[in-house]
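Engineer: coords please:
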Amino acid sequence: MKQTAGPVLTAWKALLTVMYGLPILWIVLTSFKSSGDVFSTSSALIFSPTTEAYRDVLTADLLKPLSQSVLIATGTTVLVLLIAIPAAYGLARTRGHLTSIGLALLIVLQMMPQTATVIPLFQVFGSWTLLDSTVGVILADTALLAPFATLLLRPFFRSVPPELEEAGSIDGASLMRTFVSIVVPVARNGIFTVGTLVFLLAWGEFLYAVNFFLSPGEYPLSVLLAQQVSAFGINWPGLMALAVVTSIPILIVFTSTYRLLRDGLTVGAVK
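Structural biologist: The predicted structure is shown next:
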C-alpha cells in the first residue's frame, strides 16, 4: 500500500505544480513581452524580452497605493489579533450553552457575504466621518476577518494544557499574567499562522477600498490592478508587470513565515 501511495503522491504534487505554476509562468513571461507579442503564437515562449512594462509601472505613483496596501494589511492584522486572541481563548476555556451560541454566531457572521455589509458600513462610516480614510477600511476588514480568525485560533488554545495555567496560578501569577506569559507563547505557532492568513487576505482588499475611498488617489494596489482593465482595451504587459510587483510583498511574507505556517496548520500549538 505504501509503495503505491508514493508514486500517486508524487503524481499529485506534479499535477498541482503544473496547475499553479503555468499561470504564474504565463504572468511573468507576459510582463516581459511587448504588446504585439502577447497574443502571437510564435512568441509564446520565444520572444525578445523587454522591461518597458516594468519601467512604466515602477514610478513614484506606485508608492501611494503600495503604502495604502501595507497600512491596510498591517493594521487589519494587528486589530484582528487583538480581538481574536482573547476571544478565542475565552471560547476555548469556557463550557456551556453560551459557548455554543457564541460559536454559532461566529459561524453565521463568517458566512455573511462581504457585499451585504457595504451599504450599512458606508452609512455608519459616513456618520462617523470615516469615509475616504484608511482607518475606515481597516475597521471594516477587521469586522469581516475577526470571526474567521477567532474560529481558527480556538483549537490552538484548546490544545494548550490547562495544567500549565494551574501551575502559574499556584506560583502566584494573575490570570492576565498567566495568559500573556504562558498561554500566548505556547500558542504562538497558531497566532503566527492566523496572523499570516489575515495579512494575506487583507492585502487583497478590494471591495471596501473601492467603495469607502472617495478619492482615487487613496486606492490600494488591488484597486490599481482593477483599473488597468478599461473599455478601451487592456495593456497586458503593464497589467502583468503590476501583478508581479504587487505579489512580491506577499511572496516575502509567505517565505519568511512558511515554516511557522506549515507547523501551525499541521501540528498545532502543542509544544
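
Engineer: what's in contact with stretch 155-174?
Structural biologist: Defining contact as CB atoms under 8 Å, 6 or more residues apart in numbering, one finds that stretch 155-174 is touched by 88-89, 92-93, 175, 177-178, 181-183, 186-187, 189-191, 193, 264, 268-270. (Glycine included, C-beta is placed from N, CA and C.)

Engineer: can you do 10 Å?
Structural biologist: Counting contacts by CB atoms under 10 Å, 6 or more residues apart in numbering, the residues outside stretch 155-174 that touch it are 85-93, 175, 177-191, 193-194, 264, 267-271.

Engineer: what about that stretch, start to end distance?
Structural biologist: Across stretch 155-174, the straight-line distance between its terminal residues is 23 Å, by CA to CA, to the nearest Å.

Engineer: pLDDT of it, averaged?
Structural biologist: Confidence over stretch 155-174, taken as the mean pLDDT, stands at 83.

Engineer: that one: how far from the chain's middle?
Structural biologist: Taking CA atoms, centre = their mean, to the nearest Å, one finds stretch 155-174 lying 30 Å from the centre of the chain it belongs to.

Engineer: now do stretch 45-61
Structural biologist: Its chain's C-alpha centre and that of stretch 45-61 lie 27 Å apart, by CA atoms, centre = their mean.

Engineer: what's in contact with it?
Structural biologist: With contacts defined as CB under 10 Å, 6+ apart, stretch 45-61 is touched by 25, 29-38, 40, 217, 224, 228, 235-246.

Engineer: and stretch 64-72, by the same measure?
Structural biologist: Among residues not part of stretch 64-72, those counted as contacts by CB under 10 Å, 6+ apart are 134-135, 137-138, 140-141, 202-205, 208-209, 213, 217-225, 227, 242, 245-246, 249-250.

Engineer: tell me the first helix or strand C-terminal of the helix or strand harbouring Pro120.
Structural biologist: Using DSSP states H and E, Pro120 sits within helix 118-127. Proceeding C-terminally, helix 118-127 gives way to helix 134-158 as the next helix or strand, assigned by DSSP H and E.

Engineer: ok and that following helix relative to helix 118-127, angle-wise?
Structural biologist: Relative orientation of helix 134-158 with respect to helix 118-127: 120 degrees, computed using axes from the mean of the first three to the mean of the last three CA atoms, to 10 degrees.

Engineer: show the end-to-end separation of stretch 177-191, please.
Structural biologist: Separation of the first and last residues of stretch 177-191 by CA to CA is 18 Å.

Engineer: buried set for that stretch?
Structural biologist: Residues of stretch 177-191 classed as buried: 178-179, 182-184, 186-191 (neighbour count, 16 or more other CB atoms under 10 Å).

Engineer: tell me the two of those that are most distant?
Structural biologist: Thr178 and Asn189 (19.0 Å; CB to CB).

Engineer: and Ala209, how many neighbours?
Structural biologist: 25 (other CB atoms under 10 Å).
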